Structure formats: structure tokens, C-alpha cells
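[1] here's my sequence, what's the structure:
(one chain, ligands or ions: 1)
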Amino acid sequence: MRITNVESIVLQYDMDEPLGYAQGYYHQRTAHLVRIDTDEGLSGIGEIFGAGNVAFANQAIVRHVLAPLLTGRNPLDVNAIWHDLYNHLRDHGQKGMPIASISGLDIALWDILGKSTGLPLYQLLGGKCRDDYVAYGYGMMFQKRDDLEESYAAEARRIVEMGFRALKMKIGMGVARDTSLATAVQLAAGSGIKLMADANHAYSPGEAISIGNALRDLGFYWFEEPIMPEDYQGYRTVRRALAGLQIAAGEAEWTRFGHRELLTRECVDILQPEVAATGGISEFMKILSMAHAFGTPVIPHVWGSDVLIAVDMHLLAVIPDLPGGLHQFEPMLEYDTTPNLFHSQLLVEPLNIIEQVNANGGRVRPPERPGIGIELDEDFVAHHRVA
Ligand SMILES: [Mg+2]
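    Alright, predicted model coming up:
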């Protein structure tokens with residue numbers, strides 16, 4: 001089997017209402033998909049992390065740098081191809097957009113491997129360590145309104161009513177406001193609900209420790225990206241100061257080499273690699289093994305279309321227990337509950353996360369069909385394609 005074509009597909013549409021986080025507001029939804037075609041009629045689908053105009057820059061990397069390296073190769077040489085692509089780009093970027101671009105292509109190659117063998121991705125990766133797992137409801141993003149406490153509280157209630165047993169909110173508005181928002185969400189969510197807060201590296205270590213103390217007092221489960229990802233020493237300082245509150249990060253880290261720094265420098269309690277940015281499925285599995293060798297749990301970062309969510313649903317199934325036991329720590333699936341056509345309309349058969357959550361006590365199962373197990377709605381793709 002040979003690769004005959006590599007297609008980069010950027011989808012975009014205007015959102016009804018902008019939604020924000022500590023670094024800015026989204027006015028548009030963007031999804032950057034890739035499709036790799038072969039001479040045997042099989043095609044693989046992948047997705048590249050990177051919102052807004054970043055997607056167009058990644059598209060140029062795919063089209064001009066990576067696609068020519070893939071054409072003519074055997075798509076089943078997944079690991080060999082990964083290292084060839086990485087070695088080709090190493091001198092031009094060991095983090096960021098080059099690695100994200102490799103990630104999406106690696107995902108598409110795994111999809112071809114699954115389709116060519118008739119096996120779902122979780123089976124290719126060694127089989128399910130769990131049949132189902134908790135999905136946590138992501139929401140409570142910044143909105144341009146003064147009564148954010150009330151809207152956060154209403155949204156927390158709505159997500160709990162959907163059946164989610166764990167929630168994540170955005171913070172990053174300063175110590176006093178974050179404390180007020182976290183208190184509003186904690187009261188609205190009620191007892192028995194896991195709560196997480198994500199600052200998207202908005203703070204200095206000193207500020208992060210102040211907010212972390214408030215989150216710890218409110219019983220939050222983790223504090224995500226408190227400080228800038230480059231500051232490994234700062235992460236260690238924050239983590240030591242906030243003993244009893246788990247520090248989570250990793251979405252802004254790249255490859256086994258970057259994640260090695262988070263682990264050896266004792267930066268995090270929970271590692272959150274993003275499969276569509278950090279190097280794809282091949283690299284995610286290596287990072288997972290390395291993290292477990294340090295005794296550090298992995299809970300994937302998820303921010304993308306239903307293509308990427310499907311990939312993560314397989315990954316959640318194959319993450320081994322750490323360390324193993326009757327009442328086991330479980331990784332969770334991050335699921336964005338804000339309005340998103342790339343969740344509701346992109347696939348011929350939707351993943352039905354909300355329906356599964358509602359019917360199964362907050363738990364979901366991975367797709368069962370070969371590869372990633374999804375099929376794009378080509379009419380939807382054509383309608384929303386911008387590049
Ligand atoms: Mg985050």
C-alpha cells in the first residue's frame with residue numbers, strides 16, 4: 001500500500017457568542033482536519049491542534065513540507081514515518097506548529113492501520129484497560145458580561161443536569177474574582193461533583209499560590225496550567241506550596257523530550273498531553289509510558305472536533321491502571337459542552353457523548369469500528385471548508 005495524497009482541510013464558522021479564556025476570546029470555531037489517501041482506496045483521518053489563523057500556518061507546513069515526504073510511502077510504517085518527519089523538522093522547530101502538524105498526520109496513519117486490519121484503534125494500542133470511563137464537562141468560559149458568577153453558576157447546574165459528575169471552569173481574572181467564580185461554581189454544582197479550574201498560564205507563581213489556596217479550601221480536584229509552561233522551576237515551587245491540591249499541565253508541552261522536563265523537574269501531579277499537538281498517537285503512547293514510570297497519572301487534554309474526541313476516547317480506554325487496585329484512579333475524558341457544530345454535525349454518526357453521559361451515570365465508551373471509528377459528513381465539510 002502506498003500514500004497517494006495528503007489533504008489539509010480547514011473548517012471554520014462564526015460563533016453566535018464569543019467565548020474566552022485567560023489568553024483571549026474565540027469568535028470563530030476552527031477545525032483543521034487531514035486526510036491521507038492510499039492506492040488501495042483506504043483513507044485515514046486526523047486532526048491538527050491549533051485554533052484560528054494558526055490552522056492556516058499549519059496547513060502550509062502540511063502542504064509544503066510534510067506531504068511531499070509522505071507521498072509514495074507505505075502508510076503502515078507509522079513509527080518509521082514519525083521519526084523521519086521529526087528528524088526532517090528538528091532543526092526548524094522541536095515544539096509548536098511543526099510538531100502539531102506531524103501529530104495530525106500520525107493520527108491519520110493510525111486510522112489507516114486500523115482500517116487495513118479491521119481493528120479499532122484501542123485494539124491496535126494493546127486493548128482496553130477499561131470498558132468505560134468518566135467524561136468531565138468543560139464549560140464556564142469567559143463571557144463579556146458583568147454577572148459572570150451567575151452565568152457560571154447556571155452553566156454548572158446545566159452541566160450537572162446533563163449527567164456529568166465532574167466539571168471544569170476557566171479562571172484567570174485575578175485572585176479575588178477567581179475565588180468568587182470558583183465559590184459560585186462549587187455552590188451551584190452541589191456535593192459529590194469533581195471540580196477543576198484552568199488558568200491557561202495566566203499567573204506568576206506567587207499569584208498562583210494565592211488562588212490555589214482558595215481552590216484547595218473549596219475542595220477543587222486540580223488546578224490546571226497555573227503559570228507559564230516555560231517556567232519549570234516555578235511549577236515545582238507552586239506544586240510544593242500547594243500540597244493537597246493537584247497541579248495539572250502538559251497541553252503546551254511537546255514530544256517525549258518536553259514532557260521529560262515536566263516529569264524530571266517534578267512540575268505536575270497530573271500530566272495532560274494533547275495528542276493532536278504533542279506528536280500524535282505514536283508519541284502520546286511513549287509519553288504515557290514515561291509518565292507512568294514516574295508514577296504520574298495521565299489525563300489527556302482534549303480540545304478539538306469530534307475527530308479528536310474519538311481519538312481520545314480510544315486513548316482513555318488503553319491508559320493502564322496506575323498503579324492498579326480495586327478502587328482505581330481513573331483517567332477522564334475532557335468534553336467541551338459549549339455550543340459547537342464540530343461536535344454535533346461533523347460526523348455521519350455522532351459520538352453521542354451527552355446521551356452516553358446521561359444514560360450511563362456520567363460514563364462513556366470508545367467507538368468500536370475500525371481505526372478511529374468515525375466517518376466525516378462530506379456535505380458538512382464542504383459547507384464549512386475555508387481552506
Ligand atoms: Mg487547559
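[2] quick one: mean pLDDT for the helix or strand hosting residue 106?
    In the assignment (DSSP states H and E), residue 106 maps to helix 97-117. Regarding helix 97-117, the rounded mean pLDDT is 98.
[3] and that helix, what other elements does it pack with?
    strand 24-38, strand 43-48, helix 54-61, helix 78-89, helix 121-124, helix 280-293 (3 or more CB pairs under 8 Å, 6 or more residues apart in numbering; DSSP states H and E). (Each C-beta comes from the backbone N, C-alpha and C, glycine too.)
[4] what sits against the residue of the stretch 151-300 of the chain found nearest the ion?
    Per CB to the ion, residue 198 is where the stretch 151-300 of the chain lies closest to the ion, at 4.3 Å. Residues counted as contacts of residue 198 (CB atoms under 8 Å, 6 or more residues apart in numbering) are 21, 168, 169, 170, 171, 224, 225.
[5] out of those, name the ones that lie in strands.
    21, 168, 169, 170, 224 (DSSP state E).
[6] and those residues as CSV, adding pLDDT, neighbour count and distance to residue 68?
    Putting the ones in strands among the contacts of residue 198 into CSV (pLDDT from 0 to 100; neighbours: other CB atoms under 10 Å; distance: CB to CB, whole Å) gives the following:
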residue, pLDDT, neighbour count, distance to residue 68
21, 97, 17, 36
168, 98, 27, 40
169, 98, 25, 44
170, 98, 25, 40
224, 98, 25, 38
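[7] intersect these with the contacts of the ion.
    residue 224 (CB under 5 Å from the ion).
[8] between the ones in strands among the contacts of residue 198, which sits nearest residue 101?
    residue 21 (23.2 Å; CB to CB).
[9] correct me, but that closest one touches residue 170?
    Yes - if you go by CB atoms under 8 Å, residue 21 and residue 170 touch, sitting 4.9 Å apart.
[10] what do the two both touch?
    Common contacts of residue 21 and residue 170, defined by CB under 8 Å, 6+ apart, comprise 141, 142, 198, 200.
[11] and the second one, how close does it get to the ion?
    In this structure, residue 142 and the ion are 13 Å apart, going by CB to the ion, to the nearest Å.
[12] got it, and the first one?
    Using CB to the ion, one gets 11 Å for the distance from residue 141 to the ion.
[13] show the pLDDT at that residue.
    pLDDT, read off for residue 141, is 98.
[14] isn't it right up against residue 337?
    No - in this structure, residue 141 is not within contact of residue 337 by CB under 8 Å, at 10.1 Å.
[15] who touches both of the two?
    With CB under 8 Å, 6+ apart, residue 141 and residue 337 have no common neighbours.
[16] just say helix, strand or coil for residue 180.
    helix (DSSP: H, G, I helix; E, B strand; the rest coil).
[17] can you tell me the closest non-neighbouring residue to it?
    Excluding its sequence neighbours, the residue lying closest to residue 180 (CB to CB, 6 or more residues apart in numbering) is residue 149, at 5.9 Å.
[18] so which strand or helix has that neighbour?
    helix 148-162.
[19] kindly state the pLDDT recorded for residue 129?
    97.
[20] what about the residue lying closest to it once chain neighbours are set aside, how many neighbours?
    Closest residue to residue 129 apart from its sequence neighbours, by CB to CB, 6+ apart: residue 320 at 5.1 Å. Residues lying near residue 320 (other CB atoms under 10 Å) number 14.
[21] same check on residue 344?
    Around residue 344 there are 13 residues (other CB under 10 Å).
[22] got the contact list for it?
    residue 350.
[23] buried residues, stretch 360-376. List them.
    Neighbour counts using 16 or more other CB atoms under 10 Å place 362-367, 369-374, 376 of stretch 360-376 among the buried residues.
[24] strands - which of these land there?
    363, 364.
[25] ok, the residue most central in space within the chain - contacts?
    In the chain, the residue lying closest to the centroid (CA atoms, centre = their mean) is residue 302, at 1.8 Å. Contact partners of residue 302, counting by CB under 8 Å, 6+ apart, are 274, 308, 309, 312, 333, 334, 335, 336.
[26] and the fourth one, how far from residue 168?
    Distance of residue 312 to residue 168, given as CB to CB, to the nearest Å: 15 Å.
[27] got it, and residue 89?
    Residue 89 is 32 Å from residue 168, by CB to CB.
[28] cool, residue 159 as well?
    Counting by CB to CB, the gap from residue 159 to residue 168 is 9 Å.
[29] so what sits against both of these two?
    Common contact partners of residue 159 and residue 168 (CB under 8 Å, 6+ apart): 137, 139.
[30] quick check: residues of the protein near the ion?
    198, 224.
[31] walk me through the domains of the chain.
    Per automatic domain parsing, the structural domains of the chain span 3-118+377-384, 123-364.
[32] re earlier: and the residue nearest to residue 180, how many residues sit next to it?
    Neighbours of residue 149 (other CB under 10 Å): 17.
[33] that one reaches residue 179, doesn't it?
    No - under the criterion of CB under 8 Å, residue 149 makes no contact with residue 179, lying 10.8 Å away.
[34] ranking the helices and strands packed on helix 97-117 by burial, who's on top?
    strand 43-48 (a mean of 26; mean count of other CB atoms under 10 Å).
[35] partner strands of that strand, parallel or antiparallel?
    Paired strands of strand 43-48, with direction, are strand 24-38 (antiparallel) (DSSP bridges).
[36] just the helices in the stretch 201-350 of the chain please.
    Taking DSSP state H, counting those that start in this stretch, the helices of the stretch 201-350 of the chain run over residues 205-217, 232-241, 255-264, 280-293, 306-318, 341-344.
[37] and the second one, what does it pack onto?
    Counting contacts by 3+ CB pairs under 8 Å, 6+ apart, helix 232-241 packs against helix 205-217, strand 246-249, helix 255-264.
[38] 7 Å - rerun?
    helix 205-217, strand 246-249 (3 or more CB pairs under 7 Å, 6 or more residues apart in numbering; DSSP states H and E).
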